[in-house]
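> below: sequence and its predicted model.
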Amino acid sequence: MENHKTDHQELNRRKFLKMAATLTAMAYMPAISFGDDSDKWGYVLPSRTLGKTGLKVTMFALGGGPPKINLPDEEAIVEAALKGGCRFFETARSYGTEPAYGNVLEPYRNEIILSSKSRAINAETLNRELDLTLKTLKTSYLDIYLMHNVPNMDVLKQKFDNGVFDAMLKAKQEGKVRHLGFSGHANPVVNNYMLDMNLPDLEVMLMPVNVIDTIQNSFTLNTLPKASEKNIGVMVMKPLGGGAMLGHDIIWGEGKGNKRPGIIPELISMKEAQHFVYSMPVGAASFGCTSVAQVEENIAFAKSYTGMSKAEHADLIRKVTDVAKNNLLEHYKGNN
């Protein structure tokens with residue numbers, strides 16, 4: 001029994017060392033970061049190139065995701081992001097935040113990168129949603145448009161069979177969108193399949209990257225290297241595990257209503273969690289903020305990022321490993 005336990009510990013040690021090596025290699029892949037800049041509206045956060053799109057995007061992106069909040073707060077949040085130097089704004093038709101984005105961002109359109117997405121499962125729905133998105137955002141085009149939430153191979157096949165990607169290509173040809181991509185947070189196998197399709201017009205992927213993701217069924221370890229190799233622009237979702245790292249109760253999906261253990265600040269700091277994400281070869285991290293204070297705090301962490309060492313990576317992973325083995329922390333992974 002003792003030998004079996006020792007063998008198991010050695011296997012975990014080797015797995016950890018391999019994981020740490022992968023992370024370190026990725027962290028030192030070139031992720032172009034520019035210094036502080038400014039435009040006609042004032043200070044601009046440091047920016048990176050979003051893969052083959054060539055777009056320069058601020059490291060911090062304001063995400064329009066749930067939970068939905070009252071409209072006056074939504075507009076104040078968008079305004080705070082602009083004031084703090086954010087020039088990258090991403091949302092989705094299903095989030096309900098497009099009206100606030102449109103109301104605030106219209107005057108700034110030439111200086112910002114604007115992204116939205118559709119959960120449509122057929123071409124007709126996608127075309128209708130895209131036109132509504134453009135009208136609501138008060139713009140004639142999107143810089144990035146994503147096929148929203150590809151959780152499994154059945155849904156992927158359904159979307160392609162029903163002409164969703166063909167409709168996206170047509171929208172690009174018509175000038176309604178500049179760059180196309182997809183989002184997936186349930187299974188890295190599906191994301192990898194999409195990458196391996198090598199579709200010339202698929203240039204962007206929105207996926208989870210965070211320190212707890214590295215422990216099991218990891219997008220960071222299994223998908224991010226492939227995306228980097230193919231020069232696909234990576235936008236990060238769930239940089240804090242969809243609220244899991246803060247100990248928030250599960251509000252949707254499998255395990256809804258369950259409480260979760262906290263990672264921040266019990267095991268690691270908020271600064272460490274966010275800097276881990278920025279140390280990866282990604283274009284930007286999208287934060288769904290629910291208050292002006294959150295916007296200001298997250299922008300401060302983006303501004304303070306200078307790098308992360310191999311030892312720091314290893315230390316953070318060690319600290320979260322035992323708790324992160326709990327599937328409740330990543331309720332969004334699975335066949336949803």
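Perfect, I can see it now.
> relative to F60, how far out is E297?
11 Å (C-beta to C-beta, to the nearest Å). Using the backbone N, CA and C atoms, a C-beta is placed for each residue, glycine as well.
> which one's more surrounded, these two?
A count of neighbours by other C-beta atoms under 10 Å puts F60 above the other of E297 and F60, at 31 against 15.
> quick one, phi/psi of the closest residue to that one other than its chain neighbours?
Spatial nearest neighbour of F60, chain neighbours left out: A302 (4.0 Å); criterion: C-beta to C-beta, 6 or more residues apart in numbering. Main-chain torsions, A302, degrees, to the nearest 10: phi -60, psi -40.
> so what's the gap between the helix or strand hosting D73 and the chain middle?
Here D73 sits within helix 71-83, counting by DSSP states H and E. Mean C-alpha position of helix 71-83 versus that of the full chain (C-alpha atoms, centre = their mean, to the nearest Å) differs by 20 Å.
> whichever helix or strand comes after that helix pairs with which strands, and in what direction?
Sequence-wise, the next helix or strand downstream of helix 71-83 (DSSP H and E) is strand 88-90. The strands beside strand 88-90 in its sheet (DSSP bridges) come out as strand 60-63 (parallel), strand 113-118 (parallel).
> most tightly packed of those?
Most buried of the strands paired with strand 88-90, by mean neighbour count (mean count of other C-beta atoms under 10 Å): strand 60-63, with a mean of 28.
> how far does it sit from the chain's center?
Strand 60-63 has its C-alpha centroid displaced from the chain centroid by 9 Å (C-alpha atoms, centre = their mean).
> average pLDDT across that strand?
For strand 60-63, mean pLDDT is 97.
> stretch 265-276 now?
Average pLDDT, stretch 265-276: 97.
> for that stretch, buried residues please.
For stretch 265-276, the neighbour count (16 or more other C-beta atoms under 10 Å) marks L267, I268, M270, E272, A273, Q274, H275, F276 as buried.
> quick one, which of the strands paired with strand 88-90 is nearest to V155?
strand 113-118 (13.2 Å; C-beta to C-beta).
> and the contacts of that closest one?
55, 57, 61, 87-93, 98, 101, 105, 125-126, 129-130, 133, 137, 139, 142-148, 183, 206, 235 (C-beta atoms under 8 Å, 6 or more residues apart in numbering).
> now stretch 263-270
Contact partners of stretch 263-270, identified using C-beta under 8 Å, 6+ apart, comprise 211-212, 240-241, 244-247, 273, 297, 301, 316, 319-320, 323-324, 329.
> let's go with 10 Å and repeat that
Where contact means C-beta atoms under 10 Å, 6 or more residues apart in numbering, the residues beyond stretch 263-270 that reach it are 210-212, 240-241, 244-247, 261, 271-276, 297-298, 301, 315-324, 329.
> give me the buried entries from the residues you listed.
Here, 16+ other C-beta under 10 Å leaves 210-212, 240-241, 244-246, 272-276, 298, 301, 316-317, 319-321, 323-324, 329 buried among the contacts of stretch 263-270.
> which ones among those residues lie within strands?
Counting by DSSP state E, no part of those is found in strands.
> which members of those occur in helices, if any?
Within those, residues falling in helices by DSSP state H are 272-276, 298, 301, 316-317, 319-321, 323-324.
> what's the farthest-apart pair in those residues?
By the measure C-beta to C-beta, N298 and T321 form the most distant pair in those, at 25.1 Å.
> quick one: the strands in the protein, in order.
Assigned by DSSP E, the strands in the chain fall at 37-39, 42-44, 47-49, 56-58, 60-63, 88-90, 113-118, 142-147, 177-183, 202-208, 233-237, 284-287.
> between those, which gets the lowest average pLDDT?
strand 37-39 (a mean of 91).
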